[in-house]
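J.: no sequence for this one, just the structure:
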């Protein structure tokens, strides 16, 4: 069953209540939609977006490498990758040699790379830039995350299912919401309502007491709806994940790495059919100010191997047409290397989008290595264009309600995969 624009708004919140927590541009979009603008349809199928955060600021110039540009070698005499080691994507650029698993997906047409991604007047602060990417609001005024706003919109139509899953120790701001509770898991085996070690006498009487506490705050108060649904979401998601875990058999060899283990956990949830629409995993360490070569190669190796295994696992389970994977990093690195054999905070960088529904290729405009701004490449593609494409064409959600405005969409999804 599809969900109309009006239903999306109704599911996200009562408009008057929600308006206090969203940017002005989004308030106008909500009001406009209530007035009856044309509806975008949410797809009927079970589609999932998996977000992979490469935290720290990935060096995009040594990820998608301009191997035939002499300027690259002039600017990076120590860090530049030898042209003969680069895995070619076209006549101008190629992948770092450790990204061979990505090259395999590229050759199959299942990997797209969007070049020059960024936003106007970029911040080179990790915290500010990550907030910008996760709220989709460069002004810094938004509280909710872009995925949180999306989940609010589908909450009514997908109640009772585990719509989202964050793997890790800390909930990404992308999931922040006043109304929707997002399960946060490190290990499925320990994702249970734990007993009080000091009181084992009447554990059965605890649940109704907790339920009463969580539902005692009226929905009209700030966080009331969030509190009311938190315990129910925790209990239902725990039961669903335990069942999915018991039934799951991996059909691909995952690397023995943290990211590999986290993507395997997401695969358990997806193959278990518990309703996950958005999953999030994170790998840190990309802040390569010193001794970059070894660290960057190790991180890229881990990312490529883990995503490749995840894709192959879904493929073997017959679910690869249902899942799209997107990578992001808060910024790129400076064009020139520094005195510590590393790179400092920069601006534009690439994003990868992976999956059977993807129309492989290079998208966006490649930034110039001559026309620089303070030793940084100028961004050519707004990151919100990638978000808008995935929201509208993959998840079937009205992107202007989530992002607070319209953004150009990119053609990296196959026509037969676009939501109708």
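T.: It's in. All values derive from a computational prediction rather than experimental measurement.

J.: tell me how many other residues crowd residue 375.
T.: The number of residues packed near residue 375 is 12, by other Cβ atoms under 10 Å. In this view, the C-beta of every residue, glycine as well, is placed from N, C-alpha and C.

J.: residue 402 too?
T.: 29.

J.: just use 35 as the starting number from now, easier for me
T.: Sure, I'll start counting at 35 from here, so that last one is residue 436.

J.: so who does it touch?
T.: 170, 180, 183-184, 187, 421, 425 (Cβ atoms under 8 Å, 6 or more residues apart in numbering).

J.: mind listing which of the residues you listed are in helices?
T.: Applying DSSP state H to the contacts of residue 436, the entries found in helices are 180, 183-184, 187, 421.

J.: only whichever of those are buried, select them in ChimeraX.
T.: Entered in ChimeraX, the line below selects the buried ones among those, by 16 or more other Cβ atoms under 10 Å:
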select :180,183,184,187,421
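
J.: give me the three-state assignment for the residue nearest to the spatial centre of the chain.
T.: In the chain, the C-alpha nearest the mean C-alpha coordinate belongs to residue 85, at 2.5 Å (Cα atoms, centre = their mean). Secondary structure, DSSP: H, G, I helix; E, B strand; the rest coil: residue 85 is strand.

J.: ok, which stretches of the chain are helices?
T.: Counting by DSSP H, the helices of the chain are 39-46, 49-52, 58-68, 104-109, 134-141, 160-169, 180-188, 240-248, 258-281, 292-305, 326-350, 417-423, 433-437.

J.: lowest-confidence stretch among these?
T.: Of all these, the minimum mean pLDDT falls on helix 49-52 (a mean of 32).

J.: got the buried residues for stretch 363-376?
T.: Buried residues in stretch 363-376 (16+ other Cβ under 10 Å): 363-372, 376.

J.: output these in a markdown table; the columns should cover pLDDT.
T.: Formatted as a markdown table, those follow (pLDDT from 0 to 100):
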| residue | pLDDT |
| --- | --- |
| 363 | 98 |
| 364 | 98 |
| 365 | 97 |
| 366 | 97 |
| 367 | 98 |
| 368 | 97 |
| 369 | 97 |
| 370 | 97 |
| 371 | 97 |
| 372 | 97 |
| 376 | 98 |
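
J.: and of those residues, the nearest to residue 102?
T.: residue 369 (16.6 Å; Cβ to Cβ).

J.: got a list of what the residue nearest to the centre of the chain touches?
T.: 181, 208, 312-315, 359-362.

J.: quick one, grab the pLDDT at it.
T.: 98.

J.: ok, back up a step: in strands, which of the contacts of residue 85 appear?
T.: Of those, the ones assigned to strands by DSSP state E are 312-315, 359-362.

J.: distance to residue 278 and neighbour count added to those, as JSON lines?
T.: Formatted as JSON lines, those follow (distance: Cβ to Cβ, whole Å; neighbours: other Cβ atoms under 10 Å):
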{"residue": "312", "distance to residue 278": "16", "neighbour count": "23"}
{"residue": "313", "distance to residue 278": "13", "neighbour count": "25"}
{"residue": "314", "distance to residue 278": "17", "neighbour count": "25"}
{"residue": "315", "distance to residue 278": "17", "neighbour count": "25"}
{"residue": "359", "distance to residue 278": "19", "neighbour count": "25"}
{"residue": "360", "distance to residue 278": "23", "neighbour count": "22"}
{"residue": "361", "distance to residue 278": "25", "neighbour count": "21"}
{"residue": "362", "distance to residue 278": "26", "neighbour count": "22"}
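
J.: of the residues you listed, closest to residue 166?
T.: For those, the nearest to residue 166 is residue 362 (11.1 Å; Cβ to Cβ).

J.: across the sheet, point out what pairs with that closest one.
T.: residue 87 (DSSP bridges).
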